[in-house]
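Enquirer: Sequence and predicted structure, then a few things I'm wondering about:
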Amino acid sequence: FGEGLVALGAEMPNLVVLDADLAAATKTGMFKKAYPDRFFDCGIAEQNMIGVAAGLARAGKKPIAFAFSPFACERCFEQVRVDVAYSGLGVVIVGSEGGVGMGTQGVTHYGWEDMAVMRSLPGMTVMDPADHVELYHCLEKALDMNAPVYIRLSGGIPSPVYLNDCELEIGKAHELRAGTDATIIAVGTMVSVALEAASLLEAKGLSVGVADMWSLKPLDEDFVLKYASSVSAIVTLEEHSVVNGLGSAVADVLAQHHSRARLTKLGLPDAYPPSVSPYPVMLEDYGLTAGQVAASVEKAIRSARESQ
């Protein structure tokens with residue numbers, strides 16, 4: 001992320017970065033070092049940071065406002081709603097450590113429901129890149145749009161998905177592998193997990209496709225409907241609450257088009273954890289490792305076949 005900001009800063013002289021006292025932890029300090037007069041540390045005052053970003057956008061700048069995900073969009077929701085979304089301003093809000101990425105820091109620092117909050121706003125585009133390559137292209141796309149955008153960075157360091165490059169079109173999913181038994185539609189860190197799970201299932205004779213739904217809003221409805229009629233089961237996979245995240249967005253599409261497709265939503269439950277643990281342990285607690293996902297997908301396929 002830090003390297004991407006520096007590269008984009010060289011291309012865009014009107015790019016400015018705002019931070020909520022996180023420059024060292026989140027590597028925005030790399031941009032600060034390269035372009036000190038275009039970096040604004042707003043301190044632990046995210047509401048003010050969003051207001052400042054909106055003002056800079058009004059003045060013709062291209063602001064990126066950065067904070068941990070619950071503070072980037074939920075602590076300052078009114079400012080995001082009124083100053084950015086309702087005003088239709090080109091502010092790119094980036095929230096890091098989505099899901100349970102903060103591990104032992106606890107629920108106050110978890111981006112449990114951030115995408116649900118942001119996708120509820122009219123005019124807000126929501127992106128959740130799968131790896132560092134896709135992240136860079138998300139930043140480029142967001143800045144080119146000159147409109148409200150939320151980019152979510154999930155927890156941990158995901159395995160690379162795009163080894164060389166990728167092309168992004170807003171509202172279009174990336175099909176990474178095709179399958180005839182089921183399709184996993186995933187976002188963020190869970191894309192690499194889905195690919196690994198699909199490989200495990202292939203060894204068991206099951207053909208499972210994987211799609212990267214990096215653009216959560218707008219959603220690729222055509223992709224969802226294409227596979228709703230061609231596979232036994234659709235499985236959504238996200239490091240986010242199963243309420244009003246990717247799974248709910250896909251369910252909306254299926255319901256609106258009267259699809260009879262079998263949908264299984266995998267993600268964080270509609271309940272906060274009673275205790276906290278290191279990040280890898282939290283993923284295992286919620287069934288979000290490759291082996292656990294493979295088992296859930298296999299169960300979904302068996303269930304769908306039995307009901308036919």
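Expert: That came in fine, so what should we check first?
Enquirer: quick one: residue 129 and residue 138 touch, right?
Expert: Yes - using CB atoms under 8 Å, residue 129 is in contact with residue 138, at 4.8 Å. Bear in mind the C-beta positions are built from the backbone N, C-alpha and C, glycine included.
Enquirer: and for the two, which residues touch both?
Expert: 151, 214 (CB atoms under 8 Å, 6 or more residues apart in numbering).
Enquirer: all strands of the stretch 1-150 of the chain, in order?
Expert: 15-19, 39-41, 62-68, 92-98, 125-127, 149-154 (DSSP state E, counting those that start in this stretch).
Enquirer: Just list the residues touching the residue nearest to residue 58 when sequence neighbours are not counted, thanks.
Expert: Residue nearest to residue 58 in three dimensions, not counting chain neighbours: residue 89, with 6.7 Å by CB to CB, 6 or more residues apart in numbering. Each residue near residue 89 by CB under 8 Å, 6+ apart is listed here: 54, 57-58, 83, 147-148.
Enquirer: how far does the helix or strand of the chain with the lowest mean pLDDT sit from the chain's center?
Expert: Lowest on mean pLDDT, DSSP states H and E among the helices and strands of the chain sits helix 23-26, with a mean of 79. On the basis of CA atoms, centre = their mean, to the nearest Å, helix 23-26 sits 20 Å off its chain's mean C-alpha point.
Enquirer: Could you do stretch 62-71 as well?
Expert: 14 Å.
Enquirer: Render the CA-only coordinates of it in PDB, please.
Expert: Provided in PDB are the C-alpha atoms of stretch 62-71 (Å, rounded to 0.1, in the frame of the first residue of the first chain):
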ATOM      1  CA  LYS A  62      -7.500  13.700  -4.900                       C
ATOM      2  CA  PRO A  63      -7.600  12.700  -1.300                       C
ATOM      3  CA  ILE A  64      -7.000   9.200   0.100                       C
ATOM      4  CA  ALA A  65      -8.100   9.000   3.800                       C
ATOM      5  CA  PHE A  66      -6.700   6.100   5.700                       C
ATOM      6  CA  ALA A  67      -7.500   4.400   9.100                       C
ATOM      7  CA  PHE A  68      -8.200   1.000  10.600                       C
ATOM      8  CA  SER A  69     -11.500  -0.100   9.100                       C
ATOM      9  CA  PRO A  70     -13.900   0.400  12.000                       C
ATOM     10  CA  PHE A  71     -12.500   3.900  12.500                       C
END
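Enquirer: With that, I have no additional questions.
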